[in-house]
Each structure stands twice: as C-alpha cells, then as structure tokens.
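K.L.:
Here you go, sequence then predicted model.
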Amino acid sequence: MIELSNNQLTFRFPEVHQKAVCRINFQRTLRIPDDNREYPLPPGLGRFPVEHVDDFADNLPETWRTHGGVFIPMYQSEALWINFPSSRYPCAVKIAAGRINAVSGKPWSNGLSDDQDYAVIPEQPWLDGFNVSEDHIRQFVAMPLGEGFTAEEQITGKVEHGGLQIIVYPMKHDIFMEHFERYGKICSYTLEEGPMFLSAPDMGLAPGGLMRQEIHEDEYGIDAWDQDNGLRCFVHLVNSAHYLAITGHRPPHKPPTADDYTSAGLPWFDYYDDSRALAGSRILSRLHSVAAKMIEQGKGLMPDNDPVQPGIVKVIRKGNVVRDGRF
C-alpha cells in the first residue's frame, strides 16, 4: 500500500512486517552552478507539493492517467533532491528518471540487479542526482521534454516517459529479525524536514551541476530484499506554469539562486559517512549537463549559473561516527 500524506509518500508492507515502512519526499533546493566544479550539498528548501493524479484526471494527459501515481510542480531548470526520512526498517529503493535508472544508467526493470542498481535505506539518507562517479552525482534538474536535455532523451534518443519512477522492496522478514537489535539503534539524518489541459506540461530530469555524494554499497546482498512484495509509484513532473490551471493551486515561489543564497551567508552542507561507495555509471558519466547541452545547441549560456564560493559548510555525520583525522 502507498499513501500520500503531508506531501510525502509512505510505502507500507504489513504482509512482511508491521514495521516495514519506507517514506519518501521530494525537496526543493538550490540549483548548484553547472560549471564542472565540485559543490557541497545544497539545503532543503521545503517539500514540493505532491498531488494525486486521480484527483485531477480530467485535466491531465491520458498517459498520466494510465500510469497513475502522483505529480509535483517544478519550474524549468529547477533542482530537487529525494529525501528518505528516518526509517528503522531497511528497504531497497530503485529510482529512475524517464525510466533510466539513476544509479546504473540502464533501462528500467522491476527487479533488483546483482550489479547494484538501487539505494539501501536508511544507509542512503537522500539522493540528489545521477550517479556519475564513485563519489559524485550530477544534480537532478527539471527540463522540458523534446529538447534533448533529459537523461532519457540523451540515452534513448526518444521522448516517451519523463518524470520519476520509484520501486521499493522491504528487507525480508527473517533477515530483519536476524538484524533487529542492530537496526533498533539506527536513525538516518535529514536536513529538514481535458478542457483545461495545456499542451506540453510534462517535464523530465536532466543532469546538472557536479556534487560530492556517494551511493552506498549494499552490505546485506541482493538476497536480503523481498522482491515478491515491491510497490511502485510513478511521479510525474508538471511545469509550474501549468500547475495552477490543472489544480487551482498556486505553485511554490521560485527558489533563490545559488548566488543569492550564498551571498546571504546561509550554510551549505557536507555529509560524512565511512561506508563503501558504488562505482559511478559509465552510461551516466557520458551525459551532457544542461549547461553543456545549451552551448551545444547554440542557445548560449545557462542563466543564473555563475560560480559561487560557499562560505559556510556544515558537516553532518551519520549516527555517532567519530572521524579519524590526521595525527
């Protein structure tokens, strides 16, 4: 069962265990400069509003009604990160953008791959973008479909799906019971908490700026996950310019630029964890970023893309880990 409450998706697996619950929400954030420099973690600026597709079915494309799920509004070139709030029950979560796996770069499939193509919750507290190297991602940035920017279009050459696709598998009951004492003490960290149809509301995710972030290795192995009890959800992305006409609700205000935020003296973040990281995807590493694609297409420089120098960087540590510094 999947529930939507307070702009957060909750995946429940009572047939596996009463505690088998995974929560996911989508955070508004700064779009970091897309200049091939490495940036720390930007802040969460609050959750995106999340709407049921079925509540507005008459105003939405037929493909959206077929996929079901939910939708969120995003401005063109706006960034997001996917937040996995504190959970005491481990789950394996697959994330795709336009049915392109954000960890492996391969086409969508329902099952888990031996070549890990998923994140393990709660070890992975959030995901900001496409896995392009062992310790770097390229930020998720919303762009219109049909202009060649999205990961889906760059890899497949087609415009078919857009949006985000999520599937969650809980840990098997017996494996959880075996590790129960250990997981009773684990807590991950987060930074917050028709007639009216307008043409081309669909958005997809394209690779943006470069950020230091790791996708943690699965220390339990693929056999730990109950693949007979997965839950899927399609998260459509609607251009904020269409959101009011579809829902009658005003979209959130535009987020500040990275320069505005940094100039105000507000903090960026760095996350410390000694877990082993997955290698980056060769497929995803070959994608052109939004800024590079704009130049390639002769559209000039990307707006609001000036480099910034974060003045305040706060370190977030997992649990009670003590960092081994230099002696």
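P.N.:
Yes, it's here. Numbering: from 1, shown residues only.
K.L.:
From here on, just use CA atoms for contacts and neighbour counts.
P.N.:
OK.
K.L.:
What part of this structure, helix or strand, is modelled with the least confidence?
P.N.:
Every helix and strand in the chain was compared by mean pLDDT, DSSP states H and E; the lowest is helix 180-183, with a mean of 50.
K.L.:
Downstream of it, the next helix or strand is which one?
P.N.:
Per DSSP states H and E, helix 180-183 leads on to strand 203-212 as the next helix or strand towards the C-terminus.
K.L.:
and the residue most central in space within the chain, what element?
P.N.:
Residue closest to the average C-alpha location in the chain (Cα atoms, centre = their mean): Ile82, at 3.5 Å. For Ile82, the host element (DSSP H and E) is strand 79-83.
K.L.:
Parallel or antiparallel, list what pairs with the next helix or strand after that strand.
P.N.:
Where DSSP H and E defines the elements, the next helix or strand beyond strand 79-83 is strand 91-97. Strand pairing for strand 91-97, determined by DSSP bridges: strand 100-101 (antiparallel), strand 119-121 (antiparallel), strand 164-170 (antiparallel).
K.L.:
Need the residues that contact strand 91-97.
P.N.:
Strand 91-97 has contacts (Cα atoms under 8 Å, 6 or more residues apart in numbering) with 22, 101-103, 108, 112, 117-122, 151-152, 162-171, 204-205, 225.
K.L.:
CA atoms only for that strand, dumped as CSV, please.
P.N.:
The C-alpha coordinates for strand 91-97 follow below in CSV (Å, rounded to 0.1, in the frame of the first residue of the first chain):
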residue,chain,number,x,y,z
CYS,A,91,14.5,-1.1,2.2
ALA,A,92,16.0,-1.3,-1.3
VAL,A,93,14.8,1.7,-3.4
LYS,A,94,15.2,2.0,-7.2
ILE,A,95,14.9,5.5,-8.7
ALA,A,96,14.6,6.1,-12.4
ALA,A,97,14.2,9.3,-14.4
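K.L.:
Centre of the chain to it, how far?
P.N.:
How far strand 91-97 lies from its chain's middle: 9 Å, per Cα atoms, centre = their mean, to the nearest Å.
K.L.:
what are the ranges of the strands in the stretch 201-327 of the chain?
P.N.:
203-212, 231-239, 268-272, 313-317 (DSSP state E, counting those that start in this stretch).
K.L.:
measure stretch 71-84 end to end?
P.N.:
18 Å (Cα to Cα, to the nearest Å).
K.L.:
now swap in stretch 296-310 and tell me
P.N.:
Stretch 296-310: ends 29 Å apart by Cα to Cα.
K.L.:
Tell me the buried residues in it?
P.N.:
Buried residues in stretch 296-310, counted by 16 or more other Cα atoms under 10 Å: 302, 304-305, 308, 310.
K.L.:
Of those, which pair is most distant in space?
P.N.:
Met302 and Pro310 (20.1 Å; Cα to Cα).
K.L.:
residues contacting the closest residue to Thr262 other than its chain neighbours?
P.N.:
Nearest residue to Thr262, sequence neighbours excluded (Cα to Cα, 6 or more residues apart in numbering): Pro310, at 6.0 Å. By Cα under 8 Å, 6+ apart, the contact list for Pro310 reads 262, 267-268.
K.L.:
I'd like to know which of the strands paired with strand 91-97 is closest to Phe71.
P.N.:
Here strand 164-170 is closest among the strands paired with strand 91-97 (Cα to Cα), at 9.4 Å.
K.L.:
This completes my enquiry, with thanks.
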